[in-house]
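> Sequence and predicted model, in that order:
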Amino acid sequence: MSCAPGEPCEEGGRRRRALIVLGLMGAIFLALSAASFLPSRGQALPATVSYAGFDAVQGKRVFQSYNCMGCHTIVGNGAYLGPDLTGLYGKVGPAWLEAFLPSAGSWPTKGAVSLQLRDERIAGDAGVAAIDAYLEKYPAAAERITRRGAHSTLMPNLPLSRTEVRQLIAFLKYTSAMNTEGWPPRPQVDGLTFPQAAPLPVSRPTIPVAAQDPGAAAASAPVSAAARGAQLAQDAGCTACHASGRERLVGPGWGGLYGSEVELTDGSKVRVDDAYLTESIVDPDAKIVQGFAPHVMPSYAGTLDADQVAAIVAYIQSLGGEHP
Amino acid sequence: MIRIEYQTQRLSLRFFMLMLVLFFFQVGFGLLLAAQHIDPTLLAGHLNFNVVRAEHTNLGILWVLSGFIGAILFVGPLLSRRELAAPVLIKFLFYALLAIVIWNVATQALAQQGIAGWWHGEPMLQEGLEYLEAGRIVDVVILIGFAILCYVVLRTFPPLSRWTEIHWGLGIGVVALTFVWTFGMFFVERLDLQEYFRWYVVHYWVEGVWEVIHISLVGFLLVLMFRADIKSVGYAVFWGVALVWLSGLIGNAHHYFWIGTPEFWQFWGSLFSALEPLPLIFCFWHVYLDAHQDGKPVGNMPAFAFLLGSVVLEQVGAGILGFTMTFALTNVWSHGTWVTLSHAHLALFGTFGMLGLAAAYYAVPLMRGVESFDQRPGKLAFWLVFAGMLGLGFAFAIGGTVQVFVYRTLGLDWFGGDVAPAMQFAKVMVPIFGLVFAIGVCLLVYDLLTLGLRAPARGDEERAPVALRGWGRRLIGWEAGLWLLAMWVFGAIITLGLLSFNLHSVREGNMRFPYLMASVGYSGLLLTTLFFVARFLRSLEARGRAGAGEPLVPGETAPAAAT
């Protein structure tokens, strides 16, 4: 207790000693802090990590701009709605991220990831060019494709440009290279085969083929072509960005699109027909509709042959619209 | 009932009212977050989870600050025996705070478009860092606001030679509040360095600065409420603050385990943050002592209930739950999961939120000139928010334990397909307890906003007196110590449960032991806390009924009333 009157008072001395100890602790703390950021430690630095011509510092700005930490954790700090992002790049690789980020609302399919691998820079960064070798090198990407592919991620689509996507990947490449002293701990059992974990049985999402309007579809295009197109559209990852209804996910919805007239960024108008749709699939940046950004959609030239493109066009046509 | 002697004390009223309004909206955002956790597609694309969360955390910080400012302005003249300096600046501070709130609520929504307002390399509008989401423009205005607060407090206080420990606590508190804030005001390229400095603001605010303001205000409110001896309170304030800093300065190291900083922090962080509960136990014990300083009835039960809640939840949420996850060997599992949420909610709302509410319940009736008011809504609101928050802490902790097992031990990382479904039970508990909490908040916001303005209700003198037996008998030191011990025993069980995730059998997929320890530990700790506060308040109510001078325990002379 404080000093009672008449007794020798040691309180002042005790307090002074406490303050000296506090100063000592401050010195220890500062010394430890200084030692933490010495270059000799070899910690990854964002300015030296780059991806597709962008460095991780640019990526960190994108990461902060979208407040990714508001749903995810990074080095374990942030919110707990989605998974930690620190080591994600190392687990799934750049091609999976390139396929995922522009249409984050939907898990990428194998077709969508292999399409990205056709880009030499991405393949070079991944270290493999063939999709099967990629999936072997990045088993977490394989797990995401087989179990989750084409399912909803429950994450909202974000208006990321291709540049921002690449900057973000540069940042994730940097965090993946960071030494986090063994965190998170490596699992010693495989949750996917663990009996008590029993991951949810996964079914492929159903594709809304011609079913909404069988009569119209049958009248305008052969059902078999449209059905094949529907399957192709899902496998190639088209449905991650294009809804079968009219709503906009990332790109325009396909419902009622065929035969309508759209206004392009240069002010001209164009009618949506077979030729326009075919061109938009093989060379998406040739004509950009107003309100949409270029370079978001990858080109499918060389991935889909003419028959497959025609099938997808037939599917889009089957989803309704004004018939010319 | 004391009267308002200094007219500038009344300036605190508007800060208390703003605090209540912000609290109301913060809880609304919190309920929305709970709903979005159950259905992540809710409002997706319109009001994304990260925006709602930024509003929730930022409003939480802003209303706690508003409560602090209100409390400091209210006690400032009493501590200084003169009017507050520069009332014009205080009025300006209020409108600045209002502008900050509105501007910040609006700019946070820009994260959905990825707009941060980069200018000269700094994010002007919002910066997407947890707790420091505010953009640079707001950061600067907040800094100016803190500087005004410093100026007002230091100009109002008497000359240095007449400062007591409470003056020192508040004086250092407001200056450090301003100083520490500046560490969050620059863009850092390195993630490890950014996190290093981000914790300067977050940790040193709550653990260094807010804690100091908290201890000083609790001390002075005890002086006001129980006429506690200012020397003895001053002693408690000095050693409370000294222990906070002796443990918390290096204790910050527990944030540096896994952010890319070296391994040696695991040693320093585990060691010193294990000491962090010491000042909280010390503060807890002093509240017990000071509440028994005089044996007179507690005139304002809601105010004391919130004050007790603040100190007890500080002990439980910050002290015990913080302790359980502060060792590198437990933190490696709890880090980045819901386990930390139970600590964060109990500690932040409990310690700092409840202090602001206690100060408001103490000050608002005085400023509105209410001689006696109907205390029942206040007491009911206390029990609703207190029980609701304990329930929330339980839901987060159980959900977190499941999350650690599924996410870390089994390595399943599909949140939508594997992790969230496993946590579903806890995810549903959150809005249920959240609703209890929210009802309490609505009641207390209504009660405080209209206290003294609405038609006076029936006083509560007519209620049946509380007997001095059973739960109403006097709370002696031994019993309080046993309650405290029980809380720490459950805390130890929780710690062992988190530690057990390191066991070989658990890592091989046997979750029984950690689940059992978590169920026993968390429910035991939170129920003990609930019953202890019930017991404490019951004994004070009974003392109130008994009246001063009457023996508190049959056969014993009233000890405290004699002092």
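Yep, it's here.
> What does the pLDDT read for residue 75?
Just so you know, I chose chain A. Model confidence at A:Val75, given as pLDDT, is 96.
> hm, I was asking about chain B
Looking at B:Val75, its pLDDT is 94.
> Neighbours of it, how many?
23 (other CB atoms under 10 Å in any protein chain shown). (Each C-beta comes from the backbone N, C-alpha and C, glycine too.)
> helix, strand or coil for it?
Three-state call for B:Val75 (DSSP: H, G, I helix; E, B strand; the rest coil): helix.
> what is the rounded mean pLDDT of the host helix or strand of B:Gly434?
B:Gly434 belongs to helix B:424-450 when assigned by DSSP states H and E. Helix B:424-450 comes out with an average pLDDT of 96.
> what helices or strands is that helix leaning on?
The contact analysis (3 or more CB pairs under 8 Å, 6 or more residues apart in numbering or on different chains; DSSP states H and E) places helix B:424-450 against helix B:12-38, helix B:354-367, helix B:376-403.
> I'd like the mean pLDDT over the first one, please.
What it means is helix B:12-38. For helix B:12-38, the mean per-residue pLDDT is 97.
> what does the stretch 101-250 of chain B have sitting close to chain A?
B:108, B:111-116, B:118, B:123, B:126-130, B:133, B:187, B:189-193, B:195-196, B:198, B:231-232, B:234-235, B:238-239, B:242, B:245-246, B:249-250 (CB under 8 Å from any CB of the partner chain).
> Among those, name the buried ones.
Listed as buried from those are B:108, B:111-112, B:114-116, B:118, B:123, B:126-130, B:133, B:187, B:189-193, B:195-196, B:198, B:232, B:234-235, B:238-239, B:242, B:245-246, B:249-250; burial here means 16 or more other CB atoms under 10 Å in any protein chain shown.
> Which members of those residues occur in helices, if any?
Assignment to helices by DSSP state H places the following of these there: B:108, B:191-193, B:195-196, B:198, B:232, B:234-235, B:238-239, B:242, B:245-246, B:249-250.
> Export only the CA atoms of stretch B:248-258, formatted as PDB.
C-alpha atoms of stretch B:248-258 as PDB (Å, rounded to 0.1, in the frame of the first residue of the first chain):
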ATOM      1  CA  GLY B 248       3.100  -5.100 -22.500                       C
ATOM      2  CA  LEU B 249       6.100  -3.400 -24.000                       C
ATOM      3  CA  ILE B 250       7.900  -6.600 -25.000                       C
ATOM      4  CA  GLY B 251       4.600  -8.400 -24.800                       C
ATOM      5  CA  ASN B 252       3.800  -7.000 -28.200                       C
ATOM      6  CA  ALA B 253       6.200  -9.700 -29.400                       C
ATOM      7  CA  HIS B 254       3.300 -12.200 -29.400                       C
ATOM      8  CA  HIS B 255       2.200 -10.500 -32.700                       C
ATOM      9  CA  TYR B 256       5.600 -11.100 -34.200                       C
ATOM     10  CA  PHE B 257       5.600 -14.900 -34.100                       C
ATOM     11  CA  TRP B 258       4.500 -15.700 -37.700                       C
END
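> A:Gly256 - how many residues pack around it?
By the measure other CB under 10 Å, the count of residues near A:Gly256 is 14.
> residues contacting the most centrally placed residue in chain A?
Of all residues in chain A, the one closest to the mean position by CA atoms, centre = their mean is A:Leu101, 2.5 Å from it. Taking CB atoms under 8 Å, 6 or more residues apart in numbering or on different chains, we find A:Leu101 in contact with A:Leu158, A:Leu160, A:Val165, A:Leu168, A:Ile169.
> Can you get me a residue count around the last one?
Spelled out, that is A:Ile169. A:Ile169: 27 neighbours (other CB under 10 Å).
> So it sits against A:Glu98, correct?
Yes. The pair A:Ile169 and A:Glu98 qualifies as a contact (CB atoms under 8 Å) at a distance of 6.9 Å.
> just checking, B:Leu18 touches B:Tyr95?
No. With contact defined as CB under 8 Å, B:Leu18 does not count as touching B:Tyr95 (10.4 Å).
> Neighbour count for these two, which is higher?
B:Leu18 (20 against 10).
> distance of that one from A:Gly90?
Going from B:Leu18 to A:Gly90 by CB to CB, to the nearest Å gives 47 Å.
> Check B:Ile215 too.
To A:Gly90, B:Ile215 is 45 Å away according to CB to CB.
> Just after the worst-scoring helix or strand of chain B on mean pLDDT, pick out the following helix or strand.
When each helix and strand of chain B is scored by mean pLDDT, DSSP states H and E, helix B:277-291 comes last, with a mean of 85. On the C-terminal side of helix B:277-291, the nearest following helix or strand under DSSP H and E is helix B:301-313.
> That next one packs against which elements?
For helix B:301-313, the packing partners by 3+ CB pairs under 8 Å, 6+ apart come out as helix B:211-226, helix B:277-291, helix B:354-367, helix B:376-403, helix B:512-546.
> And those helices: which comes nearest B:Leu43?
For B:Leu43, the closest of these is helix B:376-403, at 21.4 Å, according to CB to CB.
> Now do the closest one: which elements does it pack against?
helix B:301-313, helix B:339-347, helix B:424-450, helix B:512-546.
> Throw those helices into JSON lines and include mean neighbour count, thanks.
Below are the helices and strands packed on helix B:376-403 laid out as JSON lines (neighbours: other CB atoms under 10 Å in any protein chain shown):
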{"stretch": "helix B:301-313", "mean neighbour count": "26"}
{"stretch": "helix B:339-347", "mean neighbour count": "25"}
{"stretch": "helix B:424-450", "mean neighbour count": "19"}
{"stretch": "helix B:512-546", "mean neighbour count": "20"}
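> so can I have a markdown table of those showing distance to B:Val466?
Below are the helices and strands packed on helix B:376-403 laid out as a markdown table (distance: least, CB to CB, whole Å):
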| stretch | distance to B:Val466 |
| --- | --- |
| helix B:301-313 | 11 |
| helix B:339-347 | 28 |
| helix B:424-450 | 22 |
| helix B:512-546 | 4 |
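> Only alpha carbons, please: show stretch B:201-218 as CSV.
Output of stretch B:201-218 as CSV, limited to C-alpha atoms (Å, rounded to 0.1, in the frame of the first residue of the first chain):
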residue,chain,number,x,y,z
VAL,B,201,-0.9,1.1,-33.3
VAL,B,202,-3.2,-1.8,-32.5
HIS,B,203,-1.3,-3.4,-29.6
TYR,B,204,0.2,-0.3,-28.0
TRP,B,205,-3.1,1.4,-28.2
VAL,B,206,-5.1,-1.2,-26.5
GLU,B,207,-2.3,-2.6,-24.3
GLY,B,208,-0.4,0.5,-23.7
VAL,B,209,-2.5,3.6,-24.1
TRP,B,210,-6.1,2.6,-23.7
GLU,B,211,-5.2,0.4,-20.8
VAL,B,212,-3.6,3.4,-19.1
ILE,B,213,-6.6,5.6,-19.7
HIS,B,214,-8.8,2.8,-18.6
ILE,B,215,-7.0,2.3,-15.3
SER,B,216,-7.0,6.0,-14.6
LEU,B,217,-10.6,6.4,-15.3
VAL,B,218,-11.7,3.3,-13.4
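> among the helices and strands packed on helix B:424-450, which is the most enclosed?
Per-stretch averages of neighbours, counted by mean count of other CB atoms under 10 Å in any protein chain shown, single out helix B:354-367 among the helices and strands packed on helix B:424-450, with a mean of 26.
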